[in-house]
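Colleague: Coordinates for the following, if possible.
(one chain, ligands or ions: 2)
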Amino acid sequence: MTDRFMPHAWLQCLLVTVLVMPFTSGMAAEAGKNRDRDAMQAEMKAILADPARTADASASGAERGAICAYCHGSDGISKKGWLPNLAGQSAEFILDQNLAYAVGDRVNNVMNDLAASMTDAELINLSVYYAVQAPERIEPELTGKDLTVGENFYKGTCTRCHGEDGRGKKGYTWIAGQKQEYVRRALARYRDREGGRMDEEMAEVTANITDQLIDNLAAYIATLH
Ligand code: HEC
Ligand code: HEC
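Modeller: Ligands and ions are numbered 1, 2, ... in the order given. Now for the predicted structure:
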């Protein structure tokens, strides 16, 4: 398996049909939705507290992640600006989002099928693997963006949860090293309350912001590391 991203819709369909369907058919799909989130987070925390178990989990995650590499890259640095980086994000956040996809709380066809097809242990191992990868050092795209406006708004509104450096208070909401285009789209989706992802806090803080401000914010966030 190469880790080249395949952009065409039909190739994605093929990927899903060939690699995912066998796992999601029948009983497996039902089992995939029944998860104990708290127990899984506790189990992952115990693994991360133990270097030997972290290394084992990461090695298993790397192996299972061959399929994820098509889009998110073998090292968790994604292939396109609109695909999220996973490298260096908080393990707790990655597992939480994988679980949201697995049970259908966050909607994206590819991610829903893939996450549901994974066992609890596989989702934990994948989350550990990506969290321990080095985050991307983003080259911000600054044409037409006003970094000062982005910075002022970020510092006034976002730091209380995401931290001055974008590494998140308590790590959960780590956004430093995330792709600029993905961040731009994510902010617009929270604001517009559409796109299969709802978060009340994020919808509130983005409720009245313009597209231009979103561009400036995404550019500023791209400078954080
Ligand atoms: C065919 C492309 C594709 C493949 C393969 C894929 N993903 Fe994704 N992934 C996406 C897209 C697109 C999104 C963003 C969707 C959205 O906005 O909800 C995403 C989002 C995510 C997110 C949320 C990141 C964030 O910052 O919110 C996680 C975690 C994730 N994927 C993990 C995985 C894992 C683990 C695998 C392998 C089991 C995988 N993905 C395979 C396309 C893919
Ligand atoms: C009250 C806490 C809080 C504040 C304030 C806040 N956020 Fe968030 N943010 C969160 C949480 C929690 C999530 C994860 C939500 C989810 O699961 O979709 C999140 C998610 C995000 C994401 C998506 C990350 C990803 O990888 O998918 C981006 C981008 C983001 N926030 C940017 C911002 C910006 C920019 C601001 C300021 C305008 C801001 N946030 C203010 C709590 C907050």
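Colleague: Am I right that R35 is in contact with L99?
Modeller: Yes: using Cβ atoms under 8 Å, R35 is in contact with L99, at 5.7 Å. Where you see a C-beta, it was placed from the backbone N, CA and C, and this is true even at glycine.
Colleague: just the helices in the protein please.
Modeller: 9-15, 21-24, 27-32, 37-48, 51-64, 69-72, 91-103, 109-117, 120-131, 147-153, 159-162, 180-192, 200-206, 211-222 (DSSP state H).
Colleague: Return the mean pLDDT over the first one, rounded to an integer.
Modeller: For helix 9-15, the mean per-residue pLDDT is 48.
Colleague: Same check on stretch 86-102?
Modeller: In this model, stretch 86-102 has an average pLDDT of 95.
Colleague: can you give me the offset of that stretch from its chain's centre?
Modeller: Its chain's average C-alpha position is 6 Å from that of stretch 86-102, according to Cα atoms, centre = their mean, to the nearest Å.
Colleague: hmm, it in reach of ligand 1?
Modeller: Yes: with Cβ under 6 Å from any ligand atom as the criterion, ligand 1 is reached by stretch 86-102 at L86, I94, Q97, N98.
Colleague: okay but T54 is in contact with S127, surely?
Modeller: No: taking Cβ under 8 Å as the definition, T54 is not a contact partner of S127, at 11.3 Å.
Colleague: In terms of neighbours, single out the busier of these two.
Modeller: When neighbours are counted by other Cβ atoms under 10 Å, T54 and S127 differ, and S127 comes out ahead with 30 against 18.
Colleague: Can you tell me how far the closest residue to G196 other than its chain neighbours is from F93?
Modeller: Excluding the flanking residues, the one nearest G196 by Cβ to Cβ, 6 or more residues apart in numbering is V107, at 2.9 Å. V107 sits 18 Å away from F93, going by Cβ to Cβ, to the nearest Å.
Colleague: same question, L99
Modeller: With distances taken as Cβ to Cβ, L99 is found 11 Å from F93.
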